[in-house]
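Asks: Quick check, what structure comes out for this input:
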Amino acid sequence: MTETARRLRGSMTALVTPFREGAFDEAAFRTFVAWQIEQGTHALVPTGTTGESPTLTHAEHDRVVEACIDEAKGRVPVIAGAGSNSTAEAVARARHAERAGADAVLVVTPYYNKPTQDGLYAHFKAVNDAVGIPIIIYNIPPRSVIDMSVETMARLFELKNIAGVKDATAKIDRVSAQRQAMGESFIQLSGEDATALGYNAQGGHGCISVVANVAPRLCADLQEASLSGDFARALQIQDRLFPLQTALFVESNPSPVKYALARLGLMDEAVRLPLVPVSEGTRRIVDAALRHAGLIEG
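Replies: Residues are numbered from 1 along each chain as shown. Alright, predicted model coming up:
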């Protein structure tokens, strides 16, 4: 395992991409990245699903990655989203991320075209062969329809750059199954905020978190407590965060989290079509969760 891979632990924010008047708001994004680091976030993950990567142009995608790396200045690792259901496109985005100085890339299982397990292997091997930085597999059956098997993951882990998984299956037993198949050095990151504490208890190493956009200090504290074995402290924090962990998914991510960030005065809540701003009912749910977490008054 490389030194970079050893740093991929703890609370990693799946960063939103702020927009203003329809364009990428780089100034707001840079301010947001700096705030995340100040609040204790352990790593940054731009241009994933939460970053609205499906509706970013190639130029915007690359610029978001570049701005994140430049603003982070090596203080925390940057894991750049580089996934696509086109293998050639995934390779291109991963190569750009490496050239820009990313510490690792996050590559989603191809969505919509539903490859077989052999197809998944070939897709990730092509990315592996094209770059020289760690690759985190993003396994998210609810969005991509397909589920990478533990057996396929174990085959991939034999390759030089495959370092771990962001697991959004919400199947806690996968941690143990993957730990048995790949060993402790395979980096296992939860992709589900509400089950991240249990994920770590099973042997996980951290969480690529949506909630950390809004509550980076609390999410970092939860990860630090659980990874050090202080589960009593971690559970106290979990109780504060749980309403947020559900409220931010009442409507399609990232619309609720962008509303929450607007409530905190950190950026505009604008999202790109086909996403739309959240309803009044969802705003009330998010407000209540922010109050429960102690992030707003009233």
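
Asks: Mean pLDDT per helix and strand in this structure: which one sits at the bottom?
Replies: helix 3-6 (a mean of 74; mean pLDDT, DSSP states H and E).

Asks: residues making contact with the next helix or strand after it?
Replies: With elements assigned by DSSP states H and E, the helix or strand that comes after helix 3-6 is strand 10-14. Strand 10-14 has contacts (C-beta atoms under 8 Å, 6 or more residues apart in numbering) with 36, 40-45, 48-51, 79, 189, 205-210, 212-213, 216, 219-220, 222-224, 227. No exception for glycine: its C-beta is placed from N, CA and C like everyone else's.

Asks: Which strands and helices lie in contact with the top helix by length along the chain?
Replies: Criterion DSSP state H: the longest helix present in the chain is helix 231-247. Where contact means 3 or more C-beta pairs under 8 Å, 6 or more residues apart in numbering; DSSP states H and E, helix 231-247 is packed against helix 196-201, helix 216-227, helix 280-292.

Asks: With respect to residue 66, which of those lies nearest?
Replies: Shortest distance between residue 66 and the helices and strands packed on helix 231-247, using C-beta to C-beta, is found for helix 216-227: 21.8 Å.

Asks: quick one: contacts of the closest one?
Replies: Against helix 216-227 from outside (C-beta under 8 Å, 6+ apart): 9-11, 13, 35-36, 39-42, 193, 196-197, 200-201, 205-207, 209, 211-212, 231, 233-234, 237-238, 240-241, 293.

Asks: could you pull out the strands for the stretch 51-200 of the chain?
Replies: Using DSSP state E, counting those that start in this stretch, the strands of the stretch 51-200 of the chain run over 79-81, 104-108, 135-139, 162-167, 187-190.

Asks: What strands line up against the third one, and which way round?
Replies: Within its sheet, strand 135-139 is paired with strand 104-108 (parallel), strand 162-167 (parallel), according to DSSP bridges.

Asks: quick one: the first one to strand 10-14, angle?
Replies: Read it as strand 104-108. Inter-element angle recorded for strand 104-108 and strand 10-14: 60 degrees (by axes from the mean of the first three to the mean of the last three C-alpha atoms, to 10 degrees).

Asks: any chance of the strands of the stretch 51-200 of the chain in CSV, plus distance to residue 71?
Replies: Output for these, formatted as CSV (distance: least, C-beta to C-beta, whole Å):
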stretch, distance to residue 71
strand 79-81, 13
strand 104-108, 17
strand 135-139, 21
strand 162-167, 22
strand 187-190, 22
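
Asks: I'd like those written out as CSV, with distance to residue 3, mean pLDDT and mean neighbour count added.
Replies: Shown next, in CSV, are those (distance: least, C-beta to C-beta, whole Å; pLDDT from 0 to 100; neighbours: other C-beta atoms under 10 Å):
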stretch, distance to residue 3, mean pLDDT, mean neighbour count
strand 79-81, 15, 98, 31
strand 104-108, 12, 98, 28
strand 135-139, 16, 98, 25
strand 162-167, 12, 98, 26
strand 187-190, 13, 98, 26
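
Asks: coming back round to it: quick one, which of the helices and strands packed on helix 231-247 is nearest to residue 100?
Replies: Taking C-beta to C-beta, helix 216-227 is the member of these nearest to residue 100, at 23.1 Å.

Asks: per-residue confidence averaged over that closest one?
Replies: Taken as a whole, helix 216-227 carries a mean pLDDT of 98.

Asks: Quick one: distance of that helix to the chain centre.
Replies: Relative to the mean C-alpha coordinate of its chain, helix 216-227 is positioned 15 Å out (C-alpha atoms, centre = their mean, to the nearest Å).

Asks: Please apply the same query to stretch 39-51.
Replies: 6 Å.

Asks: cool, and stretch 86-103?
Replies: For stretch 86-103, the distance to the chain centre is 17 Å (C-alpha atoms, centre = their mean).

Asks: and if you look at stretch 49-65?
Replies: Counting by C-alpha atoms, centre = their mean, stretch 49-65 is centred 14 Å from the centre of its parent chain.
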